[in-house]
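Q: Predicted model and sequence follow; I will ask about them next.
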Amino acid sequence: MSALTETADRLEIAEILARYAYAVDSGEWDRLDTVFTEDAVIDYTSAGGIKGPKEEAKAWLADVLRHWPGRLHLIGAMSIRFEGEAGDEAVVAAAFADTLSPSREAIPADTTGLIQGGGWYHHRMVRTSSGWRSRELVEEQTWRTMR
């Protein structure tokens with residue numbers, strides 16, 4: 001893989017991670033179709049959620065997160081390792097921090113229902129005809145505070 005191709009791939013993978021965060025925070029669940037492959041498996045069990053196929057995960061997110069209309073995910077500290085003969089697979093770890101709020105309005109920091117947390121997103125990505133997509137996501141929640 002040339003340095004130029006690797007740089008472009010890294011930028012595209014970073015865009016996929018940003019697209020994931022925006023889809024979850026905005027509630028535009030169909031945007032996740034541009035993040036994951038059709039057969040993707042998504043595992044939120046470390047955060048008390050489900051493990052299942054993409055469509056099941058989308059429905060679960062829509063149902064659970066409706067209680068927290070104020071949402072913000074920040075993703076950073078990415079590690080990307082390319083695999084496969086042509087570098088068409090990637091193992092991606094990205095740190096995240098998130099806040100879930102029961103309101104989109106300004107609220108006191110001690111409001112009941114406010115949740116903050118963080119950890120790591122572990123993706124197995126593949127290059128597809130539509131660009132990079134995640135075939136698997138495992139969330140590793142490492143901390144959480146709730147009021």
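A: On my side now, so go ahead. Residues are numbered from 1 along each chain as shown.

Q: got the contact list for residue 61?
A: 24, 29 (CB atoms under 8 Å, 6 or more residues apart in numbering). Using the backbone N, CA and C atoms, a C-beta is placed for each residue, glycine as well.

Q: following the top helix by length along the chain, which helix or strand shows up next?
A: Ranked by number of residues, the top helix in the chain under DSSP state H is helix 3-26. Reading on from helix 3-26 to the C-terminus, the next helix or strand found by DSSP states H and E is strand 36-43.

Q: Counting by contacts, list what the helix or strand that that following strand is followed by packs against.
A: Remark: after strand 36-43, the chain's next helix or strand is strand 51-53, criterion DSSP H and E. Here strand 51-53 touches strand 36-43, going by 3 or more CB pairs under 8 Å, 6 or more residues apart in numbering; DSSP states H and E.

Q: just how off-centre is the strand it packs on within its chain?
A: 11 Å (CA atoms, centre = their mean, to the nearest Å).

Q: That one pairs with which strands, parallel or anti?
A: strand 51-53 (antiparallel), strand 131-146 (parallel) (DSSP bridges).
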